[in-house]
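Novice: Build me a structure from this.
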Amino acid sequence: MASQYNDSFELYDLRVEAVCPPNARILCGAKDGDYFTLEGEMLHLPPGQGILIDIFFDPGSLLPLLPAKQRPTHPNDWMTTDALIACPDPHCASRWRIIRTQLRTFSHANVTAVPIFTPNATPVVGLEA
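Specialist: Numbers count the residues shown, from 1 in each chain. Purely as a prediction, here's the structure:
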């Protein structure tokens with residue numbers, strides 16, 4: 001059955017860049033200008049560049065912020081304006097700048113097998129129960 005509902009949603013692609021003060025002690029291995037991109041659900045690193053995994057998984061890391069930064073937000077929301085995030089190592093002087101780039105449109109049915117349900121729990125998109 002074809003869906004009568006639009007199952008599209010939008011996410012921003014992100015570019016996350018290292019900001020390292022000159023002559024500062026950088027403990028995470030980042031160099032000023034190092035970056036990675038998050039395009040939809042895919043994380044990309046430039047060839048030959050690595051990123052310390054701790055920036056994703058330590059307490060206070062970038063990981064929980066990335067999905068939130070991908071979503072459109074209200075202009076007054078702090079998630080819209082705040083983009084410079086401290087390295088999760090409290091002794092490291094680096095920062096990570098999260099930059100929203102291209103806005104992409106996705107289809108719910110193309111990114112998950114879980115159907116969208118109407119208020120009366122009738123599947124309208126995705127796999128039939």
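
Novice: ok, how many other residues are close to the residue nearest to residue 111 when sequence neighbours are not counted?
Specialist: Nearest in space to residue 111, with sequence neighbours left out and distances taken as CB to CB, 6 or more residues apart in numbering, is residue 41 at 7.0 Å. Every residue, glycine included, has its C-beta placed from N, CA and C. Neighbour count for residue 41, taken as other CB atoms under 10 Å: 10.

Novice: hang on, isn't residue 41 packed against residue 112?
Specialist: No. Using CB atoms under 8 Å, residue 41 is not in contact with residue 112; the gap is 10.5 Å.

Novice: on that earlier part again, okay, the residue nearest to residue 111: pLDDT?
Specialist: pLDDT, residue 41: 89.

Novice: Next, the buried residues of stretch 108-115.
Specialist: Residues of stretch 108-115 classed as buried: 108-109, 115 (neighbour count, 16 or more other CB atoms under 10 Å).

Novice: Now it - C-alpha only, CSV.
Specialist: Provided in CSV are the C-alpha atoms of stretch 108-115 (Å, rounded to 0.1, in the frame of the first residue of the first chain):
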residue,chain,number,x,y,z
HIS,A,108,12.1,7.3,6.9
ALA,A,109,11.5,4.1,4.9
ASN,A,110,15.0,4.3,3.4
VAL,A,111,16.8,4.5,6.7
THR,A,112,14.9,2.1,9.0
ALA,A,113,12.8,-1.1,8.8
VAL,A,114,10.5,0.3,11.6
PRO,A,115,7.3,1.5,10.1
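
Novice: pLDDT wise, what is residue 38 at?
Specialist: You'll see residue 38 listed with a pLDDT of 96.

Novice: meant to ask about residue 99
Specialist: 96.

Novice: I figured it hits residue 13, correct?
Specialist: No. Using CB under 8 Å, residue 99 makes no contact with residue 13, being 9.4 Å away.

Novice: I figured residue 116 hits residue 108, correct?
Specialist: Yes. Using CB under 8 Å, residue 116 is in contact with residue 108, at 5.7 Å.

Novice: Check which helices and strands the lengthiest helix in the chain is in contact with.
Specialist: What stands out as the longest helix in the chain, according to DSSP state H, is helix 65-70. If you count contacts as 3 or more CB pairs under 8 Å, 6 or more residues apart in numbering; DSSP states H and E, helix 65-70 packs onto strand 8-19, strand 95-107.
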